[in-house]
Structures are given as structure tokens and as C-alpha cells.
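Student: my questions concern the predicted model and sequence given below.
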Amino acid sequence: MLSTETSIRFIFLVKNIDNSYRIKKDKENNNKAIEFKTYFLPWNSGEAYMLELANDANYFLTPQLDGCCVMINGTRQNPTVIHANYNLDDLQKEMEDMSLEEFKKQYYTQRLYQYASFYTKLAAQLLNKNIFDSEAITSIFDPEFYLNQANSARIFGIRKNDEWTFYYNIKSNNGFITKELWPNFSR
């Protein structure tokens, strides 16, 4: 299912004791919290959400990704972003009868294969149905890329001078890594 639910939210940056910030849905009784308007693309198991960004907000956020795929296509002024989640229930059911040791050996490899297969088919469908423009810049941030380096990732976007740029952030063994995702994917 592809949902086109528009989601603009007010998000708050709340200061931590160590002077870092965390993103929250409310001010947490903190009058010094910084409020800003952002596009937010939710997730749900087995679903994909799509959003065409314009100039209603200058920021874009996803929740934590731990198997989801984010696809971005379009122009710098109005990119289309898809946040898709493949439901792994079928894979887990297939592996129920395995021993714990065998499950651990195969689950990670099988999970990445399942993700790659599903997200490749989804990207092809988006192109075939003209939801994505084959002439436009496209970036696909799939779990095979980030799960090889970390347990999870986040995507955020910033609109500056009416042009969007997206970044990914992952926590690796060497600390946090933040690099450009779109329009110039940097691995």
C-alpha cells in the first residue's frame, strides 16, 4: 500500500543536560525548547508512505530506520520521498523450525536478500507507473547499505535557497556518520 498522507508537524528541539539536543513531539514543560515546522514521513509495517515536498517547511525527518528503505526522486525544488517498510513476518515464519544457532546464521543474510528483492521491485514499479521520473535524480537508501555498518539510520532533509538536500545519519563502531544522500549520494 502506498499512502500519500501529507504530514507537516511541529517538532521541538529540547536541550539535554550535556548541551546536546533531542527531538521531541512536545516541549516537555520546557519553555526554552525550540519549535520548528518539518515534513515528517511516518512508517508502518508492510506499508510505504509517499510525500512530495514543496516549500511548506524547511526540514524533513524520518523516524529511525532499521529495515526500511527511503527513496528520493525529482527536482531539487519538489522532490518526492518514499519511506517503505517490508514486513519480515513471512521470513520469520519460514525460519521458525530452525535451531537458534541456524537461525542466527541465516537470518541476517536472508533478511538482506528479502529487503533487496522487495525494494528493487518497488523502485521498478515506481518508475513503470511514472510515480518516479526516470530522467530525474534518484537515490535509494536501502537496508543493505546501512545495516552493514550499523543497526539503524535516520534521514533528514534541509531546504535552503528553495532547494532540498537530504542526508543520512548512522551510528557505526567509529561513532556517528552523516553524509549526503540526495542529490549526490555519498557512501
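Tutor: Cool, got the structure.

Student: alpha carbons only for contacts and neighbour counts from here, please
Tutor: Noted.

Student: this structure: strands as residue ranges?
Tutor: For the chain, the strands defined by DSSP state E cover 2-3, 8-15, 21-24, 34-40, 48-52, 59-61, 69-74, 79-84, 137-141, 153-160, 163-172, 175-182.

Student: for Ser117, which of the ones you listed is the nearest?
Tutor: strand 69-74 (11.8 Å; CA to CA).

Student: strand partners (parallel or antiparallel) of that closest one?
Tutor: strand 79-84 (antiparallel), strand 137-141 (antiparallel) (DSSP bridges).

Student: so for Phe185, which of these sits nearest?
Tutor: strand 137-141 (6.6 Å).

Student: re the thing from before, take the strands of the chain and lay them out in CSV including mean pLDDT, mean neighbour count and distance to Glu102.
Tutor: Shown next, in CSV, are the strands of the chain (pLDDT from 0 to 100; neighbours: other CA atoms under 10 Å; distance: least, CA to CA, whole Å):
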stretch, mean pLDDT, mean neighbour count, distance to Glu102
strand 2-3, 54, 12, 35
strand 8-15, 61, 18, 43
strand 21-24, 63, 13, 39
strand 34-40, 79, 17, 39
strand 48-52, 91, 20, 31
strand 59-61, 90, 21, 37
strand 69-74, 95, 23, 27
strand 79-84, 94, 24, 29
strand 137-141, 93, 19, 29
strand 153-160, 93, 19, 27
strand 163-172, 92, 19, 26
strand 175-182, 90, 16, 31
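
Student: so which of these gets nearest Glu101?
Tutor: strand 163-172 (25.3 Å).

Student: contacts for that closest one, please.
Tutor: Strand 163-172 is contacted from outside by 76-79, 146, 149-159, 176-183, using CA atoms under 8 Å, 6 or more residues apart in numbering.

Student: who are the packing partners of the helix of greatest length in the chain?
Tutor: The longest helix of the chain (DSSP state H) is helix 100-128. Helix 100-128 sits against helix 143-146, with contacts defined as 3 or more CA pairs under 8 Å, 6 or more residues apart in numbering; DSSP states H and E.

Student: hey, C-alpha coordinates of the helix it packs on in PDB?
Tutor: Taking C-alpha atoms only, helix 143-146 is exported to PDB below (Å, rounded to 0.1, in the frame of the first residue of the first chain):
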ATOM      1  CA  PRO A 143      19.000  -1.600   4.500                       C
ATOM      2  CA  GLU A 144      21.700  -3.500   2.700                       C
ATOM      3  CA  PHE A 145      23.800  -0.300   2.800                       C
ATOM      4  CA  TYR A 146      23.200   0.900   6.300                       C
END
